[in-house]
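Chemist: got a sequence here, can you model it:
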Amino acid sequence: MNLPFFARRLLRPLLDPYRRFRHAKLIHAARVSVGLLATILLTTGLNLPHGEWASVTMLIVIGGLQHHGNIGKKAVERAYGTLIGASVGLLLVVQQAYFGLPLLTYLLMSVVCGFFSYHAIGKGGYIALLSAITVFIVAGHGDNPISDGLWRTVDILIGIVLALAFSFALPLYAVYSWRYNLASALRDCAQIYSRIINSQSVTDDEHLKLLNRLNGAMVQLRSLMPSVSKEVRISMTELDAIQRHLRMCISTLEILGNTRPDPRDEQATARMQVMLKTEHRQIRVQLVGMARALKSGVTERLERSGSVTPNVTLLEAPVHNGLDGYRLLTLQLAANIDGMRERLFRSSARWKI
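Modeler: Residues are numbered from 1 along each chain as shown. A predicted model of the protein is given here:
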């Protein structure tokens, strides 16, 4: 969509993915607030009985979820749970009205909710749990009028529809968080690698802080993968492969920090610097280049490998001492990072939304 220049400047904070990522909590809070106001105005304006359940549903579906991929899944599960629970609840109300036996109703409600609880543990557990809750929302203890049960079901479905509608307003995609957190992790890797090859301490607080931040990023990226896969249709296998490259990079950096030449041995350090000069430059350039491509969405730099094919003889040479191990690990790190660059380039058409 071609907007006038002044409109692009005005809307840039809202249209720029990175700014939306930076202010995700504020955008999410505003969206939920506006969504709740819409449900209140709609149900009150139409004078719908028990309209508060539309607002409750809005909070359940999107209140604790900011990523678009999760919201869609949550709304579908909420819809299934509502329809199943409402159907069972209405049947219980009908039998209570027909037989007039409260003890039978209590027994049936307990058995039904026990059945749902059995299925609440494991796959589909959220649907089963919501079904059990909706039984009581619709039926109470069996003494609710059928009309009340029907209106509460309608209100819940209205809440689901509005929640889905507001999830499309300035959507906060999980792929944004995945991209920018991965970019930050790659920059931290580049910083750690620079510390290692420049003979800086690998035991001081700054170095350990970087490593702890990387380990935290790994956990966060792993939690985002299912939502990213749904949003941009990248297979979990491919995302896991990228994650594995990052994990290998971090592990290799930790080992390199403990196997590098003793900084006090200037001769050995200088020899490694000369021998691995090309690899040192390649590793830093590619780590920073991948981070920039992920943040900006300009992926042309990912297409250019810029890598030097590792010398097979060097890779297969026997390891006689720590310096040989350090050299071999550096070559493997360069090959691993180039493999990650290639995977990011192949999937870039999907993640650079």
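
Chemist: run a quick neighbour tally on residue 100.
Modeler: Summarising burial for residue 100: neighbours were counted as other CB atoms under 10 Å, giving 9. Where C-beta positions appear, they are placed from N, C-alpha and C, glycine not excepted.

Chemist: tell me the helices and strands packed up against whichever strand or helix holds residue 97.
Modeler: In the assignment (DSSP states H and E), residue 97 maps to helix 68-99. The helices and strands touching helix 68-99, judged by 3 or more CB pairs under 8 Å, 6 or more residues apart in numbering; DSSP states H and E, are helix 102-119, helix 125-139, helix 146-167, helix 174-197, helix 205-232.

Chemist: please redo it, this time with the cut-off set to 6 Å
Modeler: Counting by 3 or more CB pairs under 6 Å, 6 or more residues apart in numbering; DSSP states H and E, the packing neighbours recorded for helix 68-99 are helix 125-139, helix 146-167, helix 205-232.

Chemist: from residue 93, how far out is the closest residue to residue 137 other than its chain neighbours?
Modeler: The shortest distance from residue 137 to any residue other than its chain neighbours is 5.6 Å, reached at residue 152 (CB to CB, 6 or more residues apart in numbering). With distances taken as CB to CB, to the nearest Å, residue 152 is found 11 Å from residue 93.

Chemist: ok, residue 151 - how many residues close by?
Modeler: As a burial measure, residue 151 scores 17 neighbours (other CB under 10 Å).

Chemist: and it, what is it in contact with?
Modeler: Contacts of residue 151 were listed using CB atoms under 6 Å, 6 or more residues apart in numbering, and they are 49-50.

Chemist: and stretch 333-349, what's buried?
Modeler: 333-341, 343-345, 347-348 (16 or more other CB atoms under 10 Å).

Chemist: what about residue 340, distance to residue 289?
Modeler: Taking CB to CB as the criterion, residue 340 is separated from residue 289 by 11 Å.

Chemist: then residue 134?
Modeler: Using CB to CB, residue 134 is found at 52 Å from residue 289.

Chemist: wait, the residue nearest to residue 137 sits on residue 50?
Modeler: Yes - at 4.9 Å, residue 152 and residue 50 qualify as touching, with contact defined as CB atoms under 6 Å.

Chemist: ok, back up a step: and the helices and strands packed on helix 68-99 as TSV, adding distance to residue 54?
Modeler: Conversion of the helices and strands packed on helix 68-99 to TSV gives the following (distance: least, CB to CB, whole Å):
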stretch	distance to residue 54
helix 125-139	12
helix 146-167	4
helix 205-232	25
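
Chemist: just the C-alpha atoms of stretch 85-93, please, in PDB.
Modeler: Extracted as PDB, the C-alpha positions of stretch 85-93 are listed here (Å, rounded to 0.1, in the frame of the first residue of the first chain):
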ATOM      1  CA  GLY A  85     -19.500 -27.300  27.500                       C
ATOM      2  CA  ALA A  86     -22.500 -25.300  26.500                       C
ATOM      3  CA  SER A  87     -24.100 -28.300  24.800                       C
ATOM      4  CA  VAL A  88     -23.600 -30.500  27.800                       C
ATOM      5  CA  GLY A  89     -24.700 -27.700  30.200                       C
ATOM      6  CA  LEU A  90     -28.000 -27.200  28.200                       C
ATOM      7  CA  LEU A  91     -28.600 -31.000  28.300                       C
ATOM      8  CA  LEU A  92     -28.200 -31.000  32.100                       C
ATOM      9  CA  VAL A  93     -30.600 -28.000  32.400                       C
END
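
Chemist: tell me the average confidence for that stretch?
Modeler: With pLDDT averaged residue by residue, stretch 85-93 scores 88.

Chemist: what are the contacting residues of stretch 169-188?
Modeler: Outside stretch 169-188, the residues within contact range by CB under 6 Å, 6+ apart are 17, 21, 24, 27, 31, 66-69, 210, 213-214, 217, 220-221, 224, 227-228, 231-232, 287, 290-291, 294-295, 351.
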